[in-house]
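Trainee: give me the fold of what follows.
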Amino acid sequence: MDIWEKLYESASPLYDPHEVSPFIYAQHVVCALEAEDGQIFTGYCFEATAGVFHLCAERAAAFNMYQFSKQTKIKRILTCRNEAPQGIGGMPCGACREFLMQLHPENAKIEFMVDYSTRETILLETLLPKW
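Mentor: Below you'll find the model as predicted:
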C-alpha cells in the first residue's frame, strides 16, 4: 500500500455530508495529510453561513496536526469528496494555500494529489508562485 492509498483510506471514512443546523453544513470535503515525521492527520470541511467561520478540510487537518504534534511541515495532502480525486480534484482554495505557506516555508514542496488513479500530483509552490 503506497502513501496515497493510506491517505485516501484515512480521509474517506470521514465523508458524511450533513447539516449541523440550518446554517452549518459539514463533512462534504475531507482531507488527510502526511506530516514531516510520517504521521497522518485528518480533517473535514465545516461551513457556516457566517463567512468568517468556514474551515476547509485542509486547514482542519493542519490544525489537528499542530494541535496533536506541534508539527508545521507537511509532505503530502489528499483532499476529496465521495471518491478519490480525478483530474483537477483535490485543489486547495486560496486561503488554504496561503495558510499552508505561512505555517512553514518548506511547505512550498507539499504534494497535492490531483489524480488518484495516475498518482499525478502538483506542488504548492506551483499553485502559489512567487509567494
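Trainee: tell me where the chain has helices.
Mentor: Remark: helices assigned in the chain by DSSP state H are 3-11, 57-69, 94-103, 124-127.
Trainee: the second one vs helix 94-103, what angle?
Mentor: Translated: helix 57-69. 30 degrees (axes from the mean of the first three to the mean of the last three CA atoms, to 10 degrees).
Trainee: relative to the whole chain's centre, how far out is the strand ranked longest in the chain?
Mentor: For the chain, the strand reaching the highest residue count under DSSP state E is reported as strand 24-35. For strand 24-35, the separation from the chain centroid amounts to 6 Å (computed by CA atoms, centre = their mean, to the nearest Å).
Trainee: can we start the residue count at 46 from this point?
Mentor: With 46 as the first residue, the last one maps to strand 69-80.
Trainee: buried set for that strand?
Mentor: Judged by neighbour count (16 or more other CB atoms under 10 Å), strand 69-80 contains these buried residues: 70-80. Yep, even glycine has a C-beta here, placed from its N, CA and C like the rest.
Trainee: re the thing from before, out of the helices of the chain, deepest packed?
Mentor: Mean neighbour count (mean count of other CB atoms under 10 Å) peaks for helix 102-114 among the helices of the chain, with a mean of 20.
Trainee: name the helices or strands packed onto that helix?
Mentor: When contacts are defined as 3 or more CB pairs under 8 Å, 6 or more residues apart in numbering; DSSP states H and E, helix 102-114 sits against strand 69-80, strand 85-93, strand 119-125, helix 139-148.
Trainee: what's the angle from that helix to strand 85-93?
Mentor: Angle, helix 102-114 to strand 85-93, by the same axes, to 10 degrees: 130 degrees.
Trainee: and the nearest residue to Glu143 once chain neighbours are set aside, its phi and psi?
Mentor: Closest residue to Glu143 apart from its sequence neighbours, by CB to CB, 6 or more residues apart in numbering: Leu173 at 7.3 Å. Dihedral angles of Leu173 (phi, psi; degrees, to the nearest 10) stand at phi -130, psi 70.
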